[in-house]
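In: any chance you can model this:
(one chain, ligands or ions: 1)
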Amino acid sequence: MEQEKKSQTTAEQMIDRDLSEQIKKVTMEIHTRAEKTELMMSFMRGQVTLAQYKLLLCSLYEVYQTLEEEMERNSNHPGVAPIYFPTELARLDAIAKDLEYFYGRDWREKIVVPAATKRYCHRLRQIGKENPVFLVAHAYTRYLGDLSGGQVLGRIAQKSMGLKSSEGLSFFAFPGVSNPTLFKQLYRSRMNSVELTEEERNGMLEEAVRAFELNIQVFDDLQKMLLTIPKQKLQTCSTQSVDTLQIPIGKTAPLFRMVMGLFVALATVSIGLYAF
Ligand code: HEM
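Out: Below you'll find the predicted structure:
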C-alpha cells in the first residue's frame, strides 16, 4: 500500500516536472488573453474580413520566416533537434502560396507589417543566436497553437470570407500530419525529453509567456493598422479578390455618374439664377 502510494506520488511529480505540462499551465491565462484580442474575436464570431486576414498573413510570413530560419540554423542543437519537424510543421511555403493567391505574383513587394512584428522577429533572432534552447517555447506557441485552435479557425475563416475552395487557406492545412492529436502527443514527449537546468527551465517558461505576449502585440497592432488602411490599401491590397475594404469600381460608376449629373444640373441652374 505504502509502496503503491509512493510510486503514485513519484508519477505525479514526474508529470508536474514535464515541460509540456508546465508550459501549458503558465500560459493558460495569457492564452485566454490572446483568444480575447479583437482579431481573434473577429475569427471566433465568424466576422474576419479579407483585409484582416491578408494583413495577418503578411505578419505570419515574417514571423515564420524568422522562426524557421533560426530553427534550421540550430537544428543540430541538443535542445532544438528533438522538436525539429520541418516536413510536418513548416509553414513558410504555405503562407507564401496564400499570399500569392491574395496579393498576386508581386506579393513580396506588397507585404506590410507593423512594428510589433519586427519586435517579435528581433526576439526570435536574438534567441536563435544567444539561447537556442528557448526556441522550443516559440515553436510550441506557434505550431501547437496552429495544430489546436488553428484548425477550427481555418474553417471559420473560409466561411467568413466566402472562399469557395481551400485556396488562400494553405496556412491552416498540415498535409504532413495525419492525426493532429497524436502528433501533439509526440511533440509534447519530445519537448519533455529536452534536458534543462533549473535556470533554463524557468527561462523557458518565461519565454513561452513572452511568445504569447508578442503574438498579442502583433494582433493589436494589426487592428490599429486596419484603421489607417483605406489610405494605403491600393498599394497593399490585391485587386484580384473581393476585399471588404475595396469598393468595386464597376458597381460605383453608375452611381458616381448620377451624382455628378445632378451636381452639374444644380450648378447650371444656380448660375442661371445668379445671372438672372
Ligand atoms: C480564437 C483564438 C483561439 C482559440 C479558439 C484557441 C483554442 C485552442 C484550443 C481549443 C486548444 C486545445 C486545448 C487542448 O488541447 O487542451 C488550444 C491549444 C493551444 N493554443 Fe490556442 N486558441 C486560440 C488562439 C491561440 C493563439 C493566438 C495562440 C498563440 C499564439 C494559441 C496557442 C495555443 C497553444 C500553444 C496550444 C497548445 C496547448 C497545449 O496543449 O499545451 N492559441 N487553443
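In: straight-line length of stretch 159-178, end to end?
Out: End-to-end distance of stretch 159-178: 23 Å, with Cα to Cα, to the nearest Å as the criterion.
In: so for residue 149, what's the nearest residue that isn't a sequence neighbour?
Out: Spatial nearest neighbour of residue 149, chain neighbours left out: residue 35 (7.7 Å); criterion: Cβ to Cβ, 6 or more residues apart in numbering. Glycine gets a C-beta too; all of them are placed from N, C-alpha and C.
In: for the one you found, grab the count of nearby residues.
Out: Residue 35: 13 surrounding residues under other Cβ atoms under 10 Å.
In: when you give positions from now on, start the count at 25
Out: Sure, I'll start counting at 25 from here, so that last one is residue 59.
In: residue contacts, it?
Out: 65, 68, 173 (Cβ atoms under 8 Å, 6 or more residues apart in numbering).
In: quick one: buried ones out of the residues you listed?
Out: Using 16 or more other Cβ atoms under 10 Å as the burial test, the contacts of residue 59 include residue 173 as buried.
In: torsion angles phi and psi at residue 190?
Out: Dihedral pair for residue 190: phi -90, psi 10, per degrees, to the nearest 10.
In: ok, residue 209 next?
Out: In terms of degrees, to the nearest 10, the main-chain angles of residue 209 are phi -60, psi -40.
In: for the stretch 175-300 of the chain, which residue gets nearest to the ligand?
Out: Nearest to the ligand in the stretch 175-300 of the chain, going by Cβ to the nearest ligand atom, is residue 239, at a distance of 3.8 Å.
In: any idea which element residue 215 lies in?
Out: Residue 215 belongs to helix 204-217 when assigned by DSSP states H and E.
In: for the ligand, what are the nearby residues on the chain?
Out: The interface of the chain toward the ligand, taken as Cβ under 6 Å from any ligand atom, is made up of 48, 55, 58-59, 64, 67-68, 164-165, 168-169, 172-173, 236, 239.
In: closest one of these to residue 132?
Out: Using Cβ to Cβ, residue 239 is the member of those that lies nearest residue 132, at 23.3 Å.
In: give the burial count for residue 52, as a bare number.
Out: 9.
In: what do you get for residue 233?
Out: Other residues near residue 233 come to 17 when the count uses other Cβ under 10 Å.
In: about what we covered before: of the residues of the chain next to the ligand, buried ones?
Out: Here the buried ones among those, as counted with 16+ other Cβ under 10 Å, turn out to be 55, 58, 64, 67, 164-165, 168-169, 173, 236, 239.
In: where do the helices of the stretch 25-174 of the chain begin and end?
Out: Secondary structure of the stretch 25-174 of the chain by DSSP state H, counting those that start in this stretch: the helices cover 26-41, 43-50, 52-59, 62-68, 74-97, 110-113, 116-127, 131-134, 139-154, 159-163, 169-171, 173-184.
In: want to throw those helices into TSV with mean pLDDT?
Out: Listed next are those as TSV, based on pLDDT from 0 to 100:
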stretch	mean pLDDT
helix 26-41	58
helix 43-50	98
helix 52-59	98
helix 62-68	95
helix 74-97	97
helix 110-113	98
helix 116-127	98
helix 131-134	97
helix 139-154	98
helix 159-163	98
helix 169-171	95
helix 173-184	87
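In: next structured bit after the helix holding residue 215?
Out: From helix 204-217 onward toward the C-terminus, using DSSP H and E, the following helix or strand is helix 222-260.
In: angle of that following helix against helix 52-59?
Out: Using axes from the mean of the first three to the mean of the last three Cα atoms, to 10 degrees, one finds that helix 222-260 and helix 52-59 are set 0 degrees apart in direction.
In: what residues sit buried inside helix 222-260?
Out: 224-225, 227-229, 231-243, 245-247, 249-250, 253, 257, 260.
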